[in-house]
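> Just to be clear, the model below is a prediction. Sequence and coordinates:
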Amino acid sequence: MEHNELRSLLENGLKAESSGNKKEAVSMYKKGLKILNDELQTDNMIVRERVQRQMKSIQTAIDRLAKNEKQDNDGENNGVKILEELGLVLENGSGPAMDEVAGMARVKEEMYTQIIYPLKFPDLAMEFNIKFGGGILLYGPPGNGKTFLIKALAREAKMNFIYVNPSSLYSQWFGNFEKNINNLFRAARMLSPCILFFDELDSLFPSRDQVNSDASRRGVSQFLNEIGGFSSESNERPVVILGATNVPWQLDAAVTRPGRFDRMIYIPPPDHEARKLILEHYLSKIRRAEKVDVDNLARKTEGYSAADLEYICKYTTQRAFLRAVEGNKEEKINEESLNLALKEIKPSVNQAVLEKYERFEKQRA
Ligand SMILES: Nc1ncnc2c1ncn2[C@@H]1O[C@H](COP(=O)(O)OP(=O)(O)OP(=O)(O)O)[C@@H](O)[C@H]1O
Ligand SMILES: [Mg+2]
């Protein structure tokens with residue numbers, strides 16, 4: 001009876017260990033030790049010696065797991081140190097809440113099923129054969145929430161999140177580009193499970209035919225090697241790689257091959273429903289806003305980006321605030337003042353450019 005229990009404890013411990021659940025494994029092994037300890041209370045020397053041998057081997061397994069755990073934790077510290085040397089820090093979850101990102105329902109769902117849930121529930125992901133590897137690239141015209149969404153994701157995921165913003169990095173990295181990329185990926189592995197996000201990917205990894213700097217060209221190659229390496233790794237130390245760009249056609253073609261950024265998601269300007277949500281969202285923050293027919297406003301703002309819509313609300317508010325300061329105490333935000341702002345503020349991206357994105361999306365499909 002006891003032996004069946006012991007056997008199943010040890011088997012489950014092994015299973016837990018092989019799926020990376022060290023705590024669970026240790027707990028199983030310790031329960032096993034307890035059963036064996038009870039068996040030690042016997043006068044039969046042969047049995048006692050056998051039990052002692054078994055206990056010793058289980059204890060060795062527990063010690064080994066504890067040592068691994070310690071190394072992993074040190075790995076985490078080392079990972080943070082490497083990041084600091086690269087001028088990067090772990091995101092601390094100060095981004096917007098997911099609810100503040102208006103619209104984008106489909107993209108959000110994809111982020112959850114492909115990233116957050118598999119990282120949070122690795123065992124379930126394994127049972128459904130959900131694999132990591134490769135990366136997800138968001139592309140689309142400026143100001144429609146690529147960066148905003150990923151920052152919300154970083155907050156929601158509540159796990160290590162490395163935000164690589166090339167504008168602050170590139171010059172610093174110049175000359176050491178390859179080595180730094182290698183170190184960045186090393187740090188990501190140490191900090192796993194983690195999300196590694198390359199914002200403005202195009203400026204880090206432009207098409208190799210179009211750049212004349214050797215360093216930059218070698219940087220792209222190094223990046224391709226590193227990201228390729230992940231797809232063949234197991235789920236043991238998962239690193240999810242994300243990117244964003246508003247000039248997808250300027251990326252090196254190799255960057256989007258299978259095993260690299262092989263999932264590309266187009267983030268278009270908001271449609272009618274999304275524009276309504278965005279306008280409602282930003283107007284709801286202003287106590288001085290009267291009830292506005294957002295449906296009508298959404299109809300008039302086709303082609304405007306999310307950031308443009310935010311700016312329309314902000315601009316109208318600032319105007320009204322000024323007038324209030326100047327003495328008009330009853331000043332309110334209403335349809336009339338919003339319509340006035342609309343006349344002055346034009347969409348930041350013109351139709352011809354939007355069509356370029358649409359053509360790019362079609363070509364990929
Ligand atoms: N879906 C949205 N809901 C609410 N606000 C949004 C949304 N999308 C964008 N915004 C607002 O617009 C700002 C600019 O968006 P963001 O920086 O994410 O654009 P982007 O797509 O990354 O552009 P770029 O290609 O220039 O990097 C955000 O900081 C946010 O205030
Ligand atoms: Mg951005």
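Ah, there it is. Predicted model only: the values in this text are computed from it and were never measured. Residues are numbered from 1 along each chain as shown. Ligands and ions are numbered 1, 2, ... in the order given.
> hmm, who's touching the helix or strand hosting residue 308?
For residue 308, the host element (DSSP states H and E) is helix 306-325. Residues from elsewhere that reach helix 306-325, judged by C-beta atoms under 8 Å, 6 or more residues apart in numbering: 102-103, 142-145, 148, 269-270, 274-275, 278-279, 282-283, 286, 288, 301, 304, 331-333, 337-338, 340-342, 344-345, 347-348. C-betas here are computed from N, CA, C, even on glycine.
> Separate out the buried members of the residues you listed.
102-103, 142-145, 148, 269-270, 274-275, 278-279, 282-283, 286, 301, 304, 331, 333, 337-338, 341-342, 345, 347-348 (16 or more other C-beta atoms under 10 Å).
> Look up the closest residue to the residue in the stretch 1-150 of the chain that ligand 2 sits nearest to, ignoring the ones flanking it.
Relative to ligand 2, the nearest point of the stretch 1-150 of the chain is residue 147 (3.2 Å; C-beta to the ion). Setting aside the residues directly before and after it, residue 147 is nearest to residue 199 in space (C-beta to C-beta, 6 or more residues apart in numbering), at 5.7 Å.
> Same question for residue 207.
Spatial nearest neighbour of residue 207, excluding adjacent residues (C-beta to C-beta, 6+ apart): residue 252 at 4.6 Å.
> Test my guess that that neighbour contacts residue 204.
No. Counting by C-beta atoms under 8 Å, residue 252 does not reach residue 204; the two are 10.2 Å apart.
> quick one, what contacts the residue nearest in space to the middle of the chain?
Closest to where the C-alpha atoms of the chain average out (C-alpha atoms, centre = their mean) is residue 195, at 4.5 Å. Residues near residue 195 by C-beta under 8 Å, 6+ apart: 115, 119, 153-154, 157, 159-162, 239-242.
> now do 6 Å
Residues in contact with residue 195 (C-beta atoms under 6 Å, 6 or more residues apart in numbering) are 161, 240.
> before we move on, the earlier item: who has more neighbours, residue 252 and residue 204?
Higher neighbour count among residue 252 and residue 204: residue 204, with 25 against 22, using other C-beta atoms under 10 Å.
> these two touch, right, the more buried one and residue 166?
Yes. Using C-beta atoms under 6 Å, residue 204 is in contact with residue 166, at 4.3 Å.
> thinking again about what came up before, which pLDDT does the model give the residue nearest to the centre of the chain?
The model reports residue 195 with a pLDDT of 89.
> Briefly note if the helix or strand harbouring it comes near ligand 1.
Assessed by DSSP H and E, residue 195 sits inside strand 194-198. No. Shown here: strand 194-198 not in contact with ligand 1 (C-beta under 6 Å from any ligand atom), separated by at least 11.3 Å.
> In its sheet, which strands sit next to that strand, and in what direction?
Paired neighbours of strand 194-198 in the sheet (DSSP bridges): strand 160-164 (parallel), strand 239-245 (parallel).
> Next, format these as a markdown table and append mean neighbour count.
What follows is those, written out as a markdown table (neighbours: other C-beta atoms under 10 Å):
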| stretch | mean neighbour count |
| --- | --- |
| strand 160-164 | 22 |
| strand 239-245 | 26 |
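> closest one to ligand 1 among those?
strand 239-245 (5.9 Å; C-beta to the nearest ligand atom).
> Centre of the chain to the closest one, how far?
From the chain centre to the centre of strand 239-245 is a distance of 7 Å (C-alpha atoms, centre = their mean, to the nearest Å).
> can you check stretch 297-310 too?
27 Å.
> Tell me the buried residues in that stretch?
Result for stretch 297-310 [16+ other C-beta under 10 Å]: buried residues 297-298, 301, 303-310.
> Quick one: which of those residues has the lowest pLDDT value?
Out of the buried residues of stretch 297-310, that is residue 303, at 93.
> hang on, that residue packs against residue 348?
No. With contact defined as C-beta under 6 Å, residue 303 does not count as touching residue 348 (9.6 Å).
> Can you tell me which helices and strands the longest helix along the chain packs against?
Secondary structure of the chain per DSSP state H: the longest helix is helix 45-85. Applying 3 or more C-beta pairs under 6 Å, 6 or more residues apart in numbering; DSSP states H and E, one finds that helix 45-85 contacts helix 22-39, helix 177-190.
> And the chain, what are its domain boundaries?
2-74, 86-266, 272-348 (automatic domain parsing).
> Tell me which of the helices and strands packed on helix 45-85 is the most buried.
Comparing the helices and strands packed on helix 45-85 by mean neighbour count (mean count of other C-beta atoms under 10 Å), helix 177-190 comes out on top with a mean of 20.
> I'd guess residue 136 is in a strand, am I close?
Yes. If the criterion is DSSP: H, G, I helix; E, B strand; the rest coil, then residue 136 is within a strand.
> Can you get me a residue count around the closest residue in space to it that isn't next to it in sequence?
In space, and not counting its chain neighbours, residue 136 is closest to residue 263: 4.5 Å by C-beta to C-beta, 6+ apart. A count of nearby residues for residue 263, using other C-beta under 10 Å, gives 13.
> Any stretches of this structure with poor pLDDT?
1-2, 18-20, 71-73, 132-134, 167-175, 212, 229-237 (pLDDT under 70).
> Spell out which parts of it neighbour ligand 2.
Residues of the chain that fall close to ligand 2, judged by C-beta under 5 Å from the ion: 146-147.
> 6 Å instead?
By the rule C-beta under 6 Å from the ion, the part of the chain lying against ligand 2 is 146-147, 199, 244.
> I figured residue 157 was touching residue 116, is that so?
Yes. With contacts counted by C-beta under 6 Å, residue 157 reaches residue 116, the gap being 5.3 Å.
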